[in-house]
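Build me a model:
(one chain, ligands or ions: 1)
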Amino acid sequence: MAQNPWQRPVNKNLWVLWKLKPFLRSRLLLLSAYLLAMLFSAAASLVLPQGARFILDKGFHSYQALLWISIALLLLGMFTVAMRGLRDGLATWLGQGVVADLRTAVFSHALHLPAIFYETFRTGEVISRLSSDVTILRFGLTGVLGRSLQSGITLIGALVMMLVTMPQLLIPGLIALPLLVFVNLRSGRLQRGYSRKEQDYLADLSAHTEESINGIRVIQALTLEPQTETRYRQDIRLLLGQVWARVKVQSWSTFLTGSLVFLALSAMLYLGGLAVLEKQVGMGVLAAFLLYALMAATSLASLGELWGSMSRLAGATERLLALLDEPVEHGGAALPDIRNPAALKPEFVAPDGAGDFPATPAFSLRYPARLTLEHVAFRYPSRPDVPAITDISLDVEPGETVAFVGASGAGKSTVFSLLMRHYQPSEGRILLDGTAIDAMPLRSLRQQLAVVPQHPVIFSMSIAENIMMARPDADEAALQAAVHAARVDEFSDRLEARLQTHVGEKGVTLSGGQRQRIAIARAILRNPRVLILDEATSALDAENERLIQEALANLTAQRTTLVAAHRLATIVHASRIAVLDQGRLIGLGSHEDLLVSCPTYRQFAELQRLHEQSSELAVTSKKRA
Ligand SMILES: Nc1ncnc2c1ncn2[C@@H]1O[C@H](COP(=O)(O)OP(=O)(O)OP(=O)(O)O)[C@@H](O)[C@H]1O
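From the prediction side, this is the model:
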């Protein structure tokens, strides 16, 4: 995994902006039109002071001259504002387009980042980069392209015109110029540092906000509101500290550059006034010179701003591009090539293995898979000294159901994660029909599997949409069949909008068991070759579990199934049972065999029987009461 951008060395220069070049490449025509509009706009504003010079020196000689010069000035002014409008419009279009592409690239990339990335990188941080850094980029880029770039050209033009008009008056300007450049460079550098930290603190704040709002029920239940509020206040204080530091530098810089500019302008006015009094030049020439000087000063101020915003832009760009540098899942879908933004269009995204397996597989054309684990060992990257799985070998026949049994933390879910290729085994390999899963396109592999997890993730949409995610083009009959088989209709029929009922964020309006039923319906609809049930019925009551077990029995009969379960009722139906203990496979066989050969299993079965008996007793006495 690449270095966590959180700890990346701070980029000290603006070259990072050069990396945005690929995003401009696909917009060369727009870029050329923008550059032309900007050049015309700069040239036209540089001609305007000449109009003032003519009016003052020649305009008062005759009525006709005054009229013609005024008309010429009007036309020039209109041309200038037209070019300016065009420049701003094109700049916005260009800037927004670049940012939209970059944002899409980062989001697509985030979709393909491996599990380990999300273990070390807070989701709130990713969201903050995609929101606040993108906002900085959006406004910054549009501003830089809109005004500031032209300022550079105008500054050079104004200096040349000043040199041509009254070279001797340039001296105060030439004295002030290096000082102005120094102040701007210094403040730009300081602002960049503060701005980067500001964004880091903002990301921290977003991450904490997200964590707190997501865990609001736990916070309220543990009455942690005051501590959470204190942490939030601390985050805000840190953030404001950086903002204040940056604003202080910004204000000082504005004050110093403004003072220097006025000093230089006053000196020019005085020296120029002396030349007019001594009749060396006309009023018009001095007026034109002063207008150029003013133009140069405002351009310089604008360039100062450009330096500041380029610094902020560099920080935001660096943070976004850092995400793009993170390696994606091994064998993951083809990534959008940032050098080719055309690749960001949907048809280019994730073509990997798409043809290997149809998205809507007709089950009759399929066959159950053979699954083989060969000396598989694994340690979580975030905990490399503790083995999670040690030397597991297992051959699961096509259509067989193998139940994984073991204490909490024995490694059941880890085996499933390895099978889904969320992680790579540290040793050994996993084969599907004799092919190492590493060698398969990730998409093909995952299209053949379906997992019903212990804690299903439900999205903020309707029940039907949540189920259809498993197979977006399934027809109504298939949906209804899955809904019925998973007993979703048992609760959806009681809701006013039935399957169209919106379930709220993360399915908050549903019970744990109802969420599990939706997840089971997804798996039924997906119709996979290998079904993984990771304590899929743990949140169901006995009655519903019995009903769903029937549906699951139909489902598992036709495919290879791996089950992690605690309840004996589920386990005894499996063809074989794999007993795990601290990541090792310590027993494999039927329920009856293991009762004889595996003391750990015997103990487990005994405990389960006692547990189930006491649950039944509790239910019976509750019913009696
Ligand atoms: N993301 C992770 N990073 C580091 N260690 C992990 C991670 N996930 C699980 N582990 C560790 O790996 C071991 C196996 O965990 P696993 O979740 O596979 O157990 P399990 O048998 O499924 O447990 P349960 O029945 O409680 O779900 C445990 O010691 C656990 O702490």
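
who's in contact with the residue of the stretch 201-350 of the chain found nearest the ligand?
At 15.2 Å from the ligand, residue 329 is the closest residue in the stretch 201-350 of the chain, using C-beta to the nearest ligand atom. Every C-beta, even on glycine, is put in place using the N, C-alpha and C of the backbone. Applying C-beta atoms under 8 Å, 6 or more residues apart in numbering to residue 329 gives the contacts 112-114, 421, 442.

any idea how far the residue in the stretch 51-200 of the chain positioned nearest to the ligand lies from residue 106?
Here the stretch 51-200 of the chain gets closest to the ligand at one residue, residue 119, 5.4 Å apart by C-beta to the nearest ligand atom. Distance from residue 119 to residue 106, counting by C-beta to C-beta, to the nearest Å: 19 Å.

Please identify which of the two sits among more neighbours.
Neighbours per residue, other C-beta atoms under 10 Å: of residue 119 and residue 106, the larger number sits with residue 106, 24 against 12.

gap between the two ends of stretch 122-134?
Taking C-alpha to C-alpha, to the nearest Å as the measure, stretch 122-134 stretches 18 Å from start to finish.

quick one on the thing from earlier: I'd say the residue of the stretch 51-200 of the chain closest to the ligand and residue 382 touch.
Yes. Counting by C-beta atoms under 8 Å, residue 382 is a contact partner of residue 119 at 5.4 Å.

which stretch of helix or strand covers the nearest residue to residue 584 once chain neighbours are set aside?
Using C-beta to C-beta, 6 or more residues apart in numbering and skipping the chain neighbours, the partner closest in space to residue 584 is residue 390 (5.0 Å). For residue 390, the host element (DSSP states H and E) is strand 387-396.

What would that strand look like as PDB? C-alpha coordinates only.
Taking C-alpha atoms only, strand 387-396 is exported to PDB below (Å, rounded to 0.1, in the frame of the first residue of the first chain):
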ATOM      1  CA  PRO A 387      -2.000 -15.200  12.400                       C
ATOM      2  CA  ALA A 388      -5.700 -15.100  11.600                       C
ATOM      3  CA  ILE A 389      -5.700 -18.300   9.500                       C
ATOM      4  CA  THR A 390      -3.000 -21.000   9.700                       C
ATOM      5  CA  ASP A 391      -2.500 -23.700   7.100                       C
ATOM      6  CA  ILE A 392      -6.100 -24.500   6.100                       C
ATOM      7  CA  SER A 393      -6.700 -27.100   3.400                       C
ATOM      8  CA  LEU A 394     -10.200 -28.000   2.300                       C
ATOM      9  CA  ASP A 395     -11.900 -29.300  -0.700                       C
ATOM     10  CA  VAL A 396     -15.600 -28.400  -1.100                       C
END
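
Check which element follows it along the chain.
Immediately after strand 387-396, counting by DSSP H and E, sits strand 401-405.

what helices or strands is the helix or strand following that next one leaning on?
With elements assigned by DSSP H and E, the helix or strand that comes after strand 401-405 is helix 412-419. If contacts are counted by 3 or more C-beta pairs under 8 Å, 6 or more residues apart in numbering; DSSP states H and E, helix 412-419 sits against strand 371-379, strand 387-396, strand 401-405, strand 530-534, strand 560-564.

if we can go back for a sec, residues touching the residue nearest to residue 584, list them.
Contacts for residue 390 (C-beta under 8 Å, 6+ apart) come out as 377, 582-584.

Tell me the pLDDT of it.
On the pLDDT scale, residue 390 is placed at 92.

distance of it from residue 519?
Distance from residue 390 to residue 519, by C-beta to C-beta: 30 Å.

got it, and residue 156?
65 Å.

And residue 250, by the same measure?
Residue 250 is 52 Å from residue 519, by C-beta to C-beta.

what does residue 35 give?
Relative to residue 519, and taking C-beta to C-beta, residue 35 is found at 55 Å.

and the helices and strands packed on helix 412-419 as JSON lines, adding distance to the ligand?
As requested, the helices and strands packed on helix 412-419 are exported to JSON lines (distance: least, C-beta to the nearest ligand atom, whole Å):
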{"stretch": "strand 371-379", "distance to the ligand": "9"}
{"stretch": "strand 387-396", "distance to the ligand": "4"}
{"stretch": "strand 401-405", "distance to the ligand": "8"}
{"stretch": "strand 530-534", "distance to the ligand": "7"}
{"stretch": "strand 560-564", "distance to the ligand": "6"}
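
any chance of the ones you listed in TSV, plus distance to residue 319?
Output for the helices and strands packed on helix 412-419, formatted as TSV (distance: least, C-beta to C-beta, whole Å):
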stretch	distance to residue 319
strand 371-379	31
strand 387-396	32
strand 401-405	42
strand 530-534	35
strand 560-564	39
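
For residue 156 and residue 519, indicate the residue with more neighbours.
Counting neighbours by other C-beta under 10 Å for residue 156 and for residue 519 shows that residue 519 has the greater number, 27 against 14.

Chain neighbours aside, what residue packs nearest to that one?
Using C-beta to C-beta, 6+ apart and skipping the chain neighbours, the partner closest in space to residue 519 is residue 456 (3.4 Å).

Equivalent analysis for residue 514, please.
That would be residue 491: by C-beta to C-beta, 6+ apart, it lies 5.4 Å from residue 514.

where does the stretch 451-600 of the chain dip in pLDDT?
For the stretch 451-600 of the chain, the stretches with pLDDT under 70 are 538-540, 543-544, 547, 550-551, 554.
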